[in-house]
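1. Need the 3D shape of this:
(one chain, ligands or ions: 1)
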Amino acid sequence: MKALEGKVAVVTGATGGLGGAICAALAQAGARVVVGYNRRADAAHALLAELPGDGHLAVATPVTDSAVLGRLAATVQDHFGRCDLLVNCAGTTRFVAHADLDSLDDALIDSILATNVRGPIACVRALAPLLKASGDGLVVNISSIAARTAMGSNIAYCASKAAVDNLTQSLARALAPQVRVVSVAPGLADTEFVQGLAQAWRDEQAARTPLGRLALAAEVARAVVALATHLTFTTGAVIPVDGGRPLS
Ligand SMILES: NC(=O)c1ccc[n+]([C@@H]2O[C@H](COP(=O)([O-])OP(=O)(O)OC[C@H]3O[C@@H](n4cnc5c(N)ncnc54)[C@H](OP(=O)(O)O)[C@@H]3O)[C@@H](O)[C@H]2O)c1
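-> Predicted structure coming up:
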């Protein structure tokens, strides 16, 4: 029997580099996965077709639309009758040099905070009754090394991820003992998002990382699976997957 057999996991931002790897790892471990997408239903269905196991479902999870998230909870209840794991992986950002305050306009700040901070809270709020009923509920918030280092794509993004780690603690306290809540904080991961950046910059980031490279999406995904399968007395914590980058 696989470790997560019988469990149902909802993953937001599943069409992204990390979200796709997390869906694959959870499905590999035996979970039925709700592949949560925003704009790219076609990518979600393509991922669905590739996942190991069966019983997976693609559902729209625009994390800034609480009405749709309410319908997501109803769909998960109707379809699976349960939800054991929520992975808040949806996130947004745009590169703005930290010193260039004028380019960090209000619309960008609002969009980052609505997606990266309000989004995870809204998803937990929508799915909390199902997660509590699970008896073994877990929320994993994908934050970032930027929460700790304040080095990241822009100032608002770094602040949004610090807020995620903070709300992980509040939610862990509020939802205990039925539901654990943990942040997974990746360093720069080798996803499509990062592959669009200059090679020289990526090389520099790898060189500044004690383990000498960027994170693999699969390594971030394994941290999520480990929280569900092995780290069962962990809540309100931040698990780094960053190769020791803050040490240098
Ligand atoms: N890659 C890294 O180096 C890295 C490092 C640390 C932390 N992270 C965090 O890891 C998470 C995933 O990153 P990634 O590299 O996989 O990024 P990505 O490839 O850009 O994926 C982001 C995902 O979030 C979805 N999304 C964006 N806005 C949304 C909204 N309003 N509602 C629902 N979904 C939304 C996107 O869907 P659409 O494209 O359809 O909008 C996409 O599926 C993010 O939270 C990111 O901040 C990434």
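
2. residues in contact with the spatially most central residue of the chain?
-> The centroid of the chain falls nearest to residue 89 when counting by C-alpha atoms, centre = their mean (2.1 Å). Each residue near residue 89 by C-beta atoms under 8 Å, 6 or more residues apart in numbering is listed here: 11-14, 16, 18-19, 22, 142. (C-beta placed from N, C-alpha, C; glycine too.)

3. List the ones among the residues you listed that fall in helices.
-> 18-19, 22 (DSSP state H).

4. residues near residue 65, how many?
-> Using other C-beta atoms under 10 Å, the number of residues around residue 65 comes to 15.

5. what does residue 103 give?
-> 12.

6. what's the helix or strand of the chain with the lowest mean pLDDT packed up against?
-> One helix or strand of the chain scores below all others by mean pLDDT, DSSP states H and E: helix 192-195, with a mean of 74. Helix 192-195 sits against no helix or strand, with contacts defined as 3 or more C-beta pairs under 8 Å, 6 or more residues apart in numbering; DSSP states H and E.

7. next structured bit after that helix?
-> Per DSSP states H and E, the first helix or strand lying C-terminal to helix 192-195 is helix 199-207.

8. show me what contacts the closest residue to residue 104 other than its chain neighbours?
-> The spatial neighbour of residue 104 that comes closest, neighbours along the chain excluded (C-beta to C-beta, 6 or more residues apart in numbering), is residue 96 at 5.0 Å. With contacts taken as C-beta under 8 Å, 6+ apart, residue 96 has the following neighbours: 103-104, 108, 153-155.
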